[in-house]
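1. pasting a predicted model and its sequence here:
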Amino acid sequence: MTTKIHAAGIDENRSVALQLSCGNANDAPTFDSLYEGLREDNVIEAIAMDKGYDSDRIRQRLQLDGIEPVIPPRPNRINQYHYDTEQYKRRNTIERFFNKMKQFRRIATRYDKLKESFFAAVHIVAAFICLKNS
């Protein structure tokens, strides 16, 4: 009954990659499919992500690609990493995107029973938000 929507976005109106996961699943395993969903021509210098994506594997993959990971460390992490708090403040753009998505009752309450139909509705709403605000 619960579903997490994971999104990579340029700003509050444009998402470039979307992914679904179970509500009780950790965020970190969905990183690979979300990251691979980004187009090759996107020039990314830094990525601001939630604490749920804090793992050594994700940090290493981003650094190998020349991308600065802006992820606050989890409180139980032995080696606390430093992150740029000013860049992390820009993560609110994706939160504003999710707020716009939740204005659609079908997304907020997850009326669809099948994953495929719910994910299709998420894509339609994301496209609507992009077109409406462009």
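-> Cool, the structure landed. Fair warning: this is a prediction, and the values are worked out from it, not measured in the lab. Numbers count the residues shown, from 1 in each chain.
2. give the contact list for residue 4.
-> Applying CB atoms under 8 Å, 6 or more residues apart in numbering, one finds that residue 4 lies in contact with 20-23, 25, 27, 30. Bear in mind the C-beta positions are built from the backbone N, C-alpha and C, glycine included.
3. repeat that for residue 15.
-> Contacts for residue 15 (CB under 8 Å, 6+ apart) come out as 7-9, 94, 97, 126, 130.
4. confidence score at it?
-> Per-residue pLDDT puts residue 15 at 81.
5. biggest helix in the chain by residues?
-> Secondary structure of the chain per DSSP state H: the longest helix is helix 115-132.
6. please state the offset of that helix from the chain centre?
-> 15 Å (CA atoms, centre = their mean, to the nearest Å).
7. again with stretch 28-46
-> Here the centre of stretch 28-46 is set off from its chain's centre by 10 Å, with CA atoms, centre = their mean.
8. for it, buried residues please.
-> The neighbour-count check on stretch 28-46 (16 or more other CB atoms under 10 Å) flags 30-31, 34-35 as buried.
9. pLDDT score for residue 1?
-> If you check residue 1, the pLDDT there is 60.
10. quick revisit: ok, of the contacts of residue 15, which one's closest to residue 50?
-> Residue 50 lies nearest to residue 94 out of the contacts of residue 15, by CB to CB, at 9.0 Å.
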